[in-house]
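Student: Build me a structure from this.
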Amino acid sequence: LHAAGRAERRRGAMSAAPRGCAGAPRGRAGEKQCSWASYMTNSPTLIVMIGLPARGKTYMSKKLTRYLNWIGVPTKVFNLGVYRREAVKSYKSYDFFRHDNKEAMEIRKRCALVALEDVKSYLLEECGQIAVFDATNTTRERRDLILDFAKENAFKVFFVESVCDDPEVIAANILEVKVSSPDYPERHRENVMDDFLKRIECYKVTYQPLDPDASDKDLSFIKVINVGQRFLVNRVQDYIQSKIVYYLMNIHVQPRTIYLCRHGESEYNLVGRIGGDSGLSPRGKQFSQALKKFIEEQEIVDLKVWTSQLKRTIQTAESLGVLYEQWKILNEIDAGVCEEMTYAEIEAKYPDEFAMRDQEKYLYRYPGGESYQDLVQRLEPVIMELERQGNVLVISHQAVMRCLLAYFLDKSADELPYLRCPLHTILKLTPVAYGCKVETITLNVEAVNTHRDKPSLSSKPETIRRLKSQSNTEEGVLSEGSSPEEPACLVTPGLLQHSEPVWAQAVRGKPCRGIGRRWKGDVRSDTRLEGMK
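Tutor: Model prediction:
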C-alpha cells in the first residue's frame with residue numbers, strides 16, 4: 001500500500017506539471033520555446049542589483065540568497081566582481097572604472113555577458129529557480145541588455161536598487177568590507193579609502209537611477225533608501241517577489257547579538273524520550289541558574305528573551321528573572337505517533353519509519369507529525385522577527401535550534417538535521433559583513449548527549465534496501481512517454497511520509513538528464529575570460 005501510494009502521488013505530480021508545446025522536449029529547457037512561457041507562474045526569476053559601489057548590494061545579495069535557499073528555493077549569486085578579477089588579474093587603480101576608458105569598458109561588458117551566460121546555464125540546465133546578478137548595473141543601456149536577455153530566455157526580472165547618500169554609512173561600508181577586498185591586497189587603509197571614493201565618482205558620471213514615473217514605471221523593483229529608512233516598491237509580479245520585498249524590508253545593519261540555546265536538560269532527556277512536555281531535571285535547573293549568571297555578566301542592552309510554549313523552555317527562562325515571550329511556533333518538531341517514545345521503541349514498533357528517517361532526515365515526516373522541512377516553514381516568521389530585532393536570546397529545542405542555526409550559517413538541507421546543538425551550551429551569533437560569527441559557550445553543567453550522527457551509507461539496514469528496491473521498481477512511472485535523451489529531471493524515490501514538492505526533489509543534488517556540466521561556484525578556471533588579461 002505504501003508503494004502504491006508513492007506511485008500514485010508521483011503520477012499526480014507529473015500530470016499536474018506543465019508539458020510545454022507539442023513536440024517540444026519537456027523540462028525547463030523546452031519551456032522557453034513556447035510563446036506563452038514568459039507568462040508562466042513558475043518561470044525562473046533573475047534578481048538584478050542596482051547601485052553605486054559601497055551601497056550594500058553584495059550584503060543584500062548574500063543575505064537574500066541565504067534566506068531563499070533556506071526556505072527551499074534554489075538560488076545562487078553571480079557576482080560580477082569575481083568575473084572581473086578573473087579577467088584582470090591585478091587591479092591598479094580607479095582608472096579602470098572611468099567611463100572614457102574604452103578598453104576597460106569592453107572588458108567589463110564581456111565579463112557581464114559571461115556572467116549572464118552562467119545565469120542562463122544555472123536557471124535552464126541546473127534546476128535553479130532564482131539567480132541574483134550582483135553588479136552595479138547603473139546605466140539603462142546595461143539594464144536593457146539584461147532585460148533583452150531575460151525576455152529571450154523567458155525569465156522574470158526583479159530589480160533591487162540600493163540608494164544611500166549618508167556619508168557615514170558609506171565610509172563604514174568601505175572600511176568594513178572593501179579594505180579587505182581582493183582588489184586591495186596589502187594596501188594601507190587610507191589609500192584604499194581614497195581610491196574607492198574615486199571609483200564611486202567614476203560611476204556617478206553615468207549613473208541613471210530607476211525612474212518609477214517615466215521610463216521604468218513598467219518594471220518590477222524595490223528601491224531601498226538609506227539602508228532601509230524608506231522603500232519604494234513597484235509592480236510586484238508574483239508570490240516569490242512579494243517574499244523578496246518583505247524580507248528586504250525587515251533586514252537591518254545595526255550591531256546586535258543573537259543567543260541561541262536549548263532548554264535545560266529535561267526528565268525525558270534523561271530516559272531518551274523524544275517530544276512530550278516534561279519538566280527540567282535537577283541538572284536542567286542547575287543550567288537555568290548558570291544561564292542567569294551568564295546573561296547578567298554580559299550586561300546586554302535591551303535583551304529580549306523568547307521561549308516556546310513547552311514547560312522545559314519556560315522553566316529555563318523563569319530563572320532569568322526577566323520578562324520573556326512565549327512563541328508556539330518555537331515548539332519542538334512534532335513527532336506525531338512517535339511522541340514520547342525512545343528511538344529503540346520507534347525502531348521496534350515502526351522499523352520502516354525509523355529506517356526511512358535515517359535515509360532522508362530533512363524530508364521525512366513523522367506519521368501525524370512534521371518533517372524538518374515543515375519546521376523550516378513554520379519558523380519563517382521567527383527569522384523575520386530576528387532580522388528586525390536587536391539583541392535576542394532564543395531558548396528553544398534541538399530541531400528548532402538546528403533550523404535557526406542553519407539559516408544564520410548558510411547550511412544546506414542535508415547538513416541541517418545533523419548540526420550539533422548540545423544541551424547546556426550557548427551559541428553566540430554576531431552578524432558580520434557577509435555572514436555570521438559564531439562563538440560556542442559551555443556553562444560547565446553536565447547533561448546527556450541527545451545528538452545522533454548521520455548513518456553511513458555502508459551501514460544501511462535491510463529495511464532501507466528493501467524499501468529502496470520497491471521505490472526503484474516504481475521509477476518507470478516518471479519516464480512514461482519520454483526517452484532517456486529528454487532533459488527531464490530525475491526525482492528521488494519517494495519517502496513513506498514525503499514532504500517535498502517534486503521540483504525541489506530534483507534540485508536537491510540530483511542531476512538533470514542532458515546536462516553537460518555542473519555549476520562549480522567560481523570562475524577561477526573559466527577559459528571564456530582568457531585573452532582579457
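
Student: these two touch, right, Ser215 and Arg140?
Tutor: Yes - contact criterion C-beta atoms under 8 Å: Ser215 and Arg140 qualify, at 7.0 Å. All C-beta atoms are positioned from the backbone trio N, CA, C, and that covers glycine.

Student: what about stretch 112-132, average pLDDT?
Tutor: For stretch 112-132, mean pLDDT rounds to 97.

Student: Would you mind listing the buried residues in that stretch?
Tutor: Neighbour counts over stretch 112-132 (16 or more other C-beta atoms under 10 Å) mark 112, 114-116, 118-132 as buried.

Student: so of these, which ones are in strands?
Tutor: Among the buried residues of stretch 112-132, the members found in strands (DSSP state E) are Ile130, Ala131, Val132.

Student: What's opposite the first one in the beta bridge?
Tutor: Residues found in beta-bridge contact with Ile130 (criterion: DSSP bridges) are Thr45, Thr75.

Student: And Trp306, by the same measure?
Tutor: Under DSSP bridges, the beta-bridge partners of Trp306 are Glu325, Val394.

Student: In this structure it contacts Leu393, no?
Tutor: Yes - if you go by C-beta under 8 Å, Trp306 and Leu393 touch, sitting 7.2 Å apart.

Student: Between the two, point out the one with more neighbours.
Tutor: More crowded of Trp306 and Leu393, by other C-beta atoms under 10 Å: Leu393, with 25 against 20.

Student: for that one, what are its contacts?
Tutor: Going by C-beta atoms under 8 Å, 6 or more residues apart in numbering, Leu393 touches Tyr259, Cys261, Ile295, Leu303, Lys304, Val305, Trp306.

Student: my guess is the third one meets Ser319, correct?
Tutor: When you say that, I think you mean Ile295. No - applying C-beta under 8 Å, one finds Ile295 not in contact with Ser319, separated by 10.0 Å.

Student: In helices only, show me the buried residues of stretch 112-132.
Tutor: Ala112, Val114, Ala115, Leu116, Asp118, Val119, Lys120, Ser121, Tyr122, Leu123, Leu124, Glu125 (DSSP state H).

Student: how close does the third one sit to Val160?
Tutor: Spelled out, it's Ala115. Using C-beta to C-beta, to the nearest Å, Ala115 is found at 16 Å from Val160.

Student: Check the last one too.
Tutor: Separation of Glu125 from Val160 (C-beta to C-beta): 25 Å.

Student: for the chain, what spans make up the strands?
Tutor: Under DSSP E, the chain gives strands at 45-50, 75-79, 130-134, 156-163, 221-225, 230-234, 258-262, 304-307, 325-326, 392-396, 425-432, 435-442.

Student: Out of those, the one nearest Ile200 is which?
Tutor: strand 156-163 (13.0 Å; C-beta to C-beta).

Student: Please name the strands paired to the closest one in the sheet, noting orientation.
Tutor: For strand 156-163, pairing defined by DSSP bridges yields strand 45-50 (parallel), strand 221-225 (parallel).

Student: Would you tell me which of those strands gets closest to Gly369?
Tutor: Closest among the strands paired with strand 156-163, using C-beta to C-beta: strand 45-50, at 32.7 Å.

Student: Just want the angle from the closest one to strand 130-134.
Tutor: Interaxial angle of strand 45-50 relative to strand 130-134 (axes from the mean of the first three to the mean of the last three C-alpha atoms, to 10 degrees): 10 degrees.

Student: What are the contacting residues of strand 45-50?
Tutor: 57, 60-61, 64, 119, 123, 129-138, 143, 146, 150, 155-162, 209-210, 240-241, 244.

Student: again, but for stretch 424-441
Tutor: With C-beta under 8 Å, 6+ apart, stretch 424-441 has contacts from 58-59, 62, 176-177, 256-262, 264-265, 283, 287, 290-291, 294, 401, 405, 408-410, 421, 442-443, 445-447.

Student: quick one: average pLDDT of that stretch?
Tutor: Mean predicted lDDT for stretch 424-441 stands at 94.

Student: which parts of it are buried?
Tutor: Neighbour count says stretch 424-441 has His424, Thr425, Ile426, Leu427, Lys428, Leu429, Pro431 buried, by 16+ other C-beta under 10 Å.

Student: Mind checking the pLDDT average for stretch 384-392?
Tutor: Model confidence over stretch 384-392, given as mean pLDDT, is 96.

Student: related to what we said a few turns ago, between Ser215 and Arg140, which one's more packed in?
Tutor: Remark: of Ser215 and Arg140, Arg140 carries more neighbours, 16 against 12, as counted by other C-beta under 10 Å.

Student: Now stretch 368-375: buried residues?
Tutor: Gly369, Glu370, Ser371, Tyr372, Gln373, Asp374, Leu375.

Student: Likewise for stretch 150-157?
Tutor: Ala150, Asn153, Ala154, Phe155, Lys156, Val157.
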